[in-house]
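A.B. asks: Build me a model from this:
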Amino acid sequence: MRKKNTELLRDVIGQVLKANHLDKQLNEKRLIDAWPKVLGDNITQYTTELKVKNKVLYVTLTSSVLRHDLFLSREEIKKSLNKQVGTDVINDIILK
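C.D. replies: Below is the predicted model of the structure:
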């Protein structure tokens, strides 16, 4: 017998994550995992650290030239990363 109030497993998992306040950490992890997909392998090899704190993505790079280039396109990168995750996870990017 099938119940009339069935829900998709995806929706139920989302509700559980939200109820336990785990959705923020999961989205931050998805955003960090999206960095190589959005920016590619060339930029990823110069990236040493990525972390999200208070809706700000902190990126540590080994190349000052690349840091300057990424600084000029921070808004596009932010939009692309948030789009890849599917929600607004970050509001700003700080390049170190």
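A.B. asks: Just give me the longest helix of the protein.
C.D. replies: Counting by DSSP state H, the longest helix found in the chain is helix 23-39.
A.B. asks: Show residues contacting that one.
C.D. replies: The contact list for helix 23-39 (Cβ atoms under 8 Å, 6 or more residues apart in numbering) reads 14, 17, 44, 47, 50-52, 57, 77, 80-82, 84-85, 87, 89-90. The way it works is simple: take the backbone N, C-alpha and C, and place the C-beta from them, glycine included.
A.B. asks: In helices, which of those residues fall?
C.D. replies: Per DSSP H, the contacts of helix 23-39 map to helices at 14, 17, 44, 77, 80, 81, 82, 84, 85.
A.B. asks: Report the separation between the residue positioned nearest the centre of the chain and residue 51.
C.D. replies: With distances taken as Cα atoms, centre = their mean, residue 31 lies nearest the centre of the chain, 1.5 Å away. As defined by Cβ to Cβ, to the nearest Å, residue 31 lies at a distance of 10 Å from residue 51.
A.B. asks: can you check residue 16 too?
C.D. replies: Applying Cβ to Cβ, the value for residue 16 to residue 51 is 25 Å.
A.B. asks: what does residue 70 give?
C.D. replies: 16 Å.
A.B. asks: how about residue 91, phi and psi?
C.D. replies: The phi/psi pair for residue 91 (degrees, to the nearest 10) reads phi -110, psi -20.
A.B. asks: if we can go back for a sec, can you name the two of the ones in helices among the contacts of helix 23-39 that are farthest apart?
C.D. replies: 14 and 44 (28.9 Å; Cβ to Cβ).
A.B. asks: Tell me how many other residues surround the residue lying closest to residue 62 once chain neighbours are set aside.
C.D. replies: Of all residues not flanking residue 62 in the chain, residue 46 sits nearest, at 5.1 Å (Cβ to Cβ, 6 or more residues apart in numbering). Applying other Cβ atoms under 10 Å, we find 16 residues neighbouring residue 46.
A.B. asks: now residue 77
C.D. replies: Count around residue 77 with other Cβ under 10 Å applied: 20.
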